[in-house]
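Peer 1: Structure of the sequence below:
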Amino acid sequence: EVQLVSSGGGLVQPGGSLRLSCGAPGFTFNSHGMSWVRQASGKGLEWVSHIRSSGSHTNYADCVKGRFTVSRENAKNTLWLQLNSLNSEDTAVYYCVRREGNALGSWGQGTQVIVSS
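Peer 2: Presented below is the predicted three-dimensional model:
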């Protein structure tokens, strides 16, 4: 069973920052691209970012480009998402997701980010 453990969410004021982490023990982490996907309350899933297995390439949804940064350290089986200049529209549960080729595969349990004054 694939295990993905997300952490780092919390309550932050508008304009603030958070760093989300995703631990990925138990599988060959460096063989998989990874994505972050979020879901705001009452809304559908929204893809946020992707990073290739090697970390050599990243891409982002337009709504977070320039504010969020995805990174990984394969030696530590860890994925991160740095969230800067947060606004209320970023409030959501954030999930790390293991890619299976071009598809989304296994999901973590999610970590809640709340942006509010």
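Peer 1: Which residue lies nearest the spatial centre of this structure?
Peer 2: Nearest to the geometric centre of the chain sits Trp36, at 3.2 Å (Cα atoms, centre = their mean).
Peer 1: quick one: which helix or strand includes it?
Peer 2: Assigning secondary structure by DSSP states H and E places Trp36 in strand 34-39.
Peer 1: Would you indicate which residues of that strand are buried?
Peer 2: Met34, Ser35, Trp36, Val37, Arg38 (16 or more other Cβ atoms under 10 Å). All C-beta atoms are positioned from the backbone trio N, CA, C, and that covers glycine.
Peer 1: Does anything pack onto it? Which helices or strands?
Peer 2: strand 45-51, strand 68-73, strand 78-83, strand 92-100, strand 103-107 (3 or more Cβ pairs under 8 Å, 6 or more residues apart in numbering; DSSP states H and E).
Peer 1: Please tabulate the ones you listed in TSV and include mean pLDDT as additional columns.
Peer 2: Shown next, in TSV, are the helices and strands packed on strand 34-39 (pLDDT from 0 to 100):
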stretch	mean pLDDT
strand 45-51	97
strand 68-73	98
strand 78-83	98
strand 92-100	96
strand 103-107	91
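Peer 1: Which among these is found nearest to Val113?
Peer 2: Closest to Val113 of those is strand 92-100 (Cβ to Cβ; 5.7 Å).
Peer 1: I'd like to check the angle between that closest one and strand 68-73, please.
Peer 2: 50 degrees (axes from the mean of the first three to the mean of the last three Cα atoms, to 10 degrees).
Peer 1: Pairing partners for strand 92-100, with directions?
Peer 2: strand 34-39 (antiparallel), strand 103-107 (antiparallel), strand 111-115 (antiparallel) (DSSP bridges).
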